[in-house]
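Engineer: Predicted model and sequence follow; I will ask about them next.
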Amino acid sequence: MKRLKAAISVLGGLPFFTARPSPAQHQSQRGTALVEAMAAIAITASAGVAALGLVSISARTSGNVAVSATASWIAASQAEKIQVAAFVPTPGQYEAIAAPSGFAVTNTTSGILGGDSAIQLVTIAVTRAGEEIISVALVKVDR
């Protein structure tokens with residue numbers, strides 16, 4: 001008996017053998033494992049769909065930033081051209097720059113209320129597919 005107690009204490013109190021599950025318990029464990037595996041697959045698939053959605057949003061945002069940057073560049077170029085151009089009386093328009101494909105640029109002049117006729121407000125609009133992307137106003141002086 002002392003030997004048995006010594007052997008059990010060496011193994012940390014664990015017996016040398018384990019009980020075998022019955023066939024009914026074995027089937028129950030298989031069903032549980034299948035449910036757990038399906039739940040893990042569903043969670044992984046949901047995370048994958050969410051990640052793809054984020055990639056799609058990121059791509060659209062990047063495209064919008066590129067369009068806005070191009071429109072800003074077009075408006076700045078048009079403003080520079082207007083600043084060095086000869087004064088056009090109000091109402092009028094200055095010559096438009098050649099915009100990249102898909103973009104259009106327009107400008108209109110208007111007088112300043114109560115102001116000198118040699119001072120005008122010029123509004124520059126950049127559009128893409130008929131939708132205004134940016135609008136900029138500047139003051140042009142005939143001096």
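Structural biologist: Happy to help now that I have it. This is a predicted model, so every value here is computed, not measured.
Engineer: What ranges does the protein have for its helices?
Structural biologist: For the chain, applying DSSP state H gives helices covering 2-10, 23-84.
Engineer: Quick one: mean pLDDT for the longest one?
Structural biologist: For helix 23-84, mean pLDDT is 86.
Engineer: And the shortest one, by the same measure?
Structural biologist: Throughout helix 2-10, pLDDT has a mean value of 53.
Engineer: right, so the helices of the chain: which one is the most enclosed?
Structural biologist: Most buried of the helices of the chain, by mean neighbour count (mean count of other CB atoms under 10 Å): helix 23-84, with a mean of 12. C-beta here means a position set from N, CA and C on the backbone, and glycine is covered the same way.
Engineer: Give me the helices and strands touching it, please.
Structural biologist: Packing partners of helix 23-84 (3 or more CB pairs under 8 Å, 6 or more residues apart in numbering; DSSP states H and E): strand 103-111, strand 119-128, strand 131-141.
Engineer: what's near enough to touch A79?
Structural biologist: Listed by CB atoms under 8 Å, 6 or more residues apart in numbering, the contact set of A79 reads I124, V136, L138.
Engineer: residues in contact with the first one?
Structural biologist: By CB under 8 Å, 6+ apart, the contact list for I124 reads A75, Q78, A79, I82, V105, T106, N107, S135, V136, A137, L138.
Engineer: go again using 6 Å as the cut-off
Structural biologist: Residues in contact with I124 (CB atoms under 6 Å, 6 or more residues apart in numbering) are A75, Q78, N107, V136.
Engineer: The second one and E132, how far apart?
Structural biologist: Taking CB to CB, to the nearest Å as the measure, Q78 and E132 are separated by 14 Å.
Engineer: cool, I97 as well?
Structural biologist: I97 is 17 Å from E132, by CB to CB.
Engineer: what's the answer for A71, then?
Structural biologist: Using CB to CB, A71 is found at 9 Å from E132.
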